[in-house]
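**Student:** my questions concern the predicted model and sequence given below.
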Amino acid sequence: MFEEIRNSDIVQERALLVAVYGPGTPRVQAEEYLDELELLTYTAGGVTVDKVLQNRMHPDASTYVGSGKLRELKRMAGEKNIDTLIFDDDLSPTQIRNIEKGTKAKVLDRSGLILDIFASRAKTAAAKTQVELAQLQYLLPRLTRFWTHLSRQQGGIGTRGPGESQIEMDRRMIDKRIATLKDKLEKIDQQRQTQRKGRSKKNRVSLVGYTNAGKSTLMNALTETEVLAENRLFATLDSTVRQYEIENHDILLSDTVGFIRKLPHDLIESFKSTLDEVRECDILLHVVDASSRMTQDYIDVVEDTLEDMDVDDKKSVLVFNKVDLLDSHKITELKHRYPDAVFVSAERNIGLAKLEDEITELIEEDYVTKTMKIPAAKYEGVAFLHREANIIEKKYVGADVELTFSIDKPDLMRLETLLDNNDAAESVA
């Protein structure tokens, strides 16, 4: 699916991908999952040489694939010059040790691969701290195997992050480092909370979705800015916030890390401060890759993750992106299955006006329209409305100012309190 990088300075690891699926999973779905693992491998800098898909009742407790398949993997690794075996499930320390012993190859499981990608993607101090914490928590129960593994292998996929300089660390030192990182993240979280308080009056909209659904491209299209957007998984780790306006409503649009099937729990926990943009927003835009054959699976993964985060009750819009890659029959089918969804192409600016109408409608669900006559001398109330409300009509009636405006309910209560204190206004409608 992916070509090797043609660069003499880059030596890509040659990977053999392995997955086991049971009787409850159709083979075509298992193949899609293995394709996703190939994209993860490509994102990490490896090249997939071959794939092995095994149908069995359940993974073998000792070797994941069973002794016969393990011998086959050893043969394939030798014949095809395989550097690394990558498995589409999390492996126990015992399974990893037995597979490495049986195949004489480096072994990496799904969580280790995802964590390695996050380590290579982390650019800011916050992201690097979050990733290192998740990696150390992942490594701690695998400590003995990992140190042996690193003493034999020099770098490569699955070895970035904490790195070889920590080979001599014992459990006590790692525990101490984990505590230090947690303290550091707590301070980062407090700083971000302070930043969010400063923009609490804005309408906050968050983009969520399966990784590589096109969230960053959609943010660029809506806000006319340049956020990194590329065709690799987890292009965005830190939350990115941009301000723009829709129908006189000030919007703060945030783009956050993409979700994925079997996202490591430690990673979700360590990225809490980043995901707080999702927890504290007013509206969610759930972006889905319409061109994928796994749309419902991807929707389910995101919805399950949002439920785990206790944010599944927020106002939301289901947004199918990349519709320019579909034929009319497929679009009709999706519209029938998801009648409330919005269909866009962020790349080609298709359907964005409809999406903005949906956002405006959700914002204005909590708005009321009022007409008030306020004495011009009572500038506090007039200034408040110009600052917090959408002014629809303004006219002078003698010494008074008559304003028709749209305002959200909490601000209306603040206005009424202000005007009651001043005994200054007459409600016209």
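**Tutor:** Received it, and whenever you're ready, just let me know what you need. Numbering: from 1, shown residues only.
**Student:** gap between the nearest residue to residue 291 once chain neighbours are set aside and residue 353?
**Tutor:** Excluding its sequence neighbours, the residue lying closest to residue 291 (Cβ to Cβ, 6 or more residues apart in numbering) is residue 325, at 4.1 Å. C-beta coordinates here come from the backbone N, C-alpha and C atoms, glycine included. Note on residue 325: its distance to residue 353, by Cβ to Cβ, to the nearest Å, is 20 Å.
**Student:** neighbour count for these two, which is higher?
**Tutor:** residue 325 (14 against 10; other Cβ atoms under 10 Å).
**Student:** right, and that one touches residue 290 too?
**Tutor:** Yes. When contacts are counted by Cβ atoms under 8 Å, residue 325 is listed as touching residue 290 (7.3 Å).
**Student:** okay, and the common contacts of those two?
**Tutor:** Contact criterion Cβ atoms under 8 Å, 6 or more residues apart in numbering; residues shared by residue 325 and residue 290: none found.
**Student:** how about residue 119, secondary structure?
**Tutor:** Residue 119 falls in the helix class when you classify it by DSSP: H, G, I helix; E, B strand; the rest coil.
**Student:** could you report the neighbour count for it?
**Tutor:** So residue 119, with other Cβ under 10 Å, has 21 neighbours.
**Student:** residue 409 - nearest residue in space that isn't next to it in sequence?
**Tutor:** Residue 409's closest residue in space is residue 366 (Cβ to Cβ, 6+ apart), at 5.7 Å.
**Student:** tell me, how many residues neighbour the one you found?
**Tutor:** Residue 366 has 14 nearby residues by other Cβ under 10 Å.
**Student:** distance check, it against residue 287.
**Tutor:** Residue 366 is 23 Å from residue 287, by Cβ to Cβ.
**Student:** try residue 373
**Tutor:** Taken as Cβ to Cβ, the span from residue 373 to residue 287 is 45 Å.
**Student:** which of the two has more neighbours?
**Tutor:** residue 287 (29 against 16).
**Student:** and the more buried one, its phi and psi?
**Tutor:** phi -90, psi 130 (degrees, to the nearest 10).
**Student:** and if you look at residue 399?
**Tutor:** phi -90, psi 0.
**Student:** if we ignore the residues flanking it in sequence, what's nearest it?
**Tutor:** That would be residue 376: by Cβ to Cβ, 6+ apart, it lies 5.7 Å from residue 399.
**Student:** same check, this time on residue 395
**Tutor:** Closest to residue 395 by Cβ to Cβ, 6+ apart is residue 402, at 5.2 Å.
**Student:** and the pLDDT for that neighbour?
**Tutor:** In this model, residue 402 is scored at 90, pLDDT.
**Student:** isn't it right up against residue 396?
**Tutor:** Yes. Counting by Cβ under 8 Å, residue 402 touches residue 396, with 7.4 Å between them.
**Student:** out of those two, which sits in the more crowded spot?
**Tutor:** residue 402 (16 against 9).
**Student:** for residue 134, grab the count of nearby residues.
**Tutor:** Residue 134: 25 neighbours (other Cβ under 10 Å).
**Student:** likewise the one 5 residues further on?
**Tutor:** Counted with other Cβ under 10 Å, residues neighbouring residue 139 total 20.
**Student:** for the strand or helix carrying it, what is the average pLDDT?
**Tutor:** Using DSSP states H and E, the element containing residue 139 is helix 125-139. When pLDDT is averaged along helix 125-139, the result is 84.
**Student:** going forward, the N-terminal residue is numbered 2.
**Tutor:** Renumbered: residue one is now 2, and that last one reads helix 126-140.
**Student:** for it, packing partners?
**Tutor:** The contact analysis (3 or more Cβ pairs under 8 Å, 6 or more residues apart in numbering; DSSP states H and E) places helix 126-140 against helix 111-122, helix 172-198, helix 266-271, helix 273-280.
**Student:** highest average neighbour count across the ones you listed?
**Tutor:** For the helices and strands packed on helix 126-140, average neighbour numbers computed from mean count of other Cβ atoms under 10 Å are highest in helix 111-122, which has a mean of 23.
**Student:** angle of that helix against helix 126-140?
**Tutor:** 160 degrees (axes from the mean of the first three to the mean of the last three Cα atoms, to 10 degrees).
**Student:** and residue 73, what does it touch?
**Tutor:** residue 53.
**Student:** so what does the residue nearest to residue 52 when sequence neighbours are not counted have for phi and psi?
**Tutor:** The shortest distance from residue 52 to any residue other than its chain neighbours is 4.6 Å, reached at residue 18 (Cβ to Cβ, 6+ apart). Residue 18 adopts backbone torsions of phi -100, psi 140, taken as degrees, to the nearest 10.
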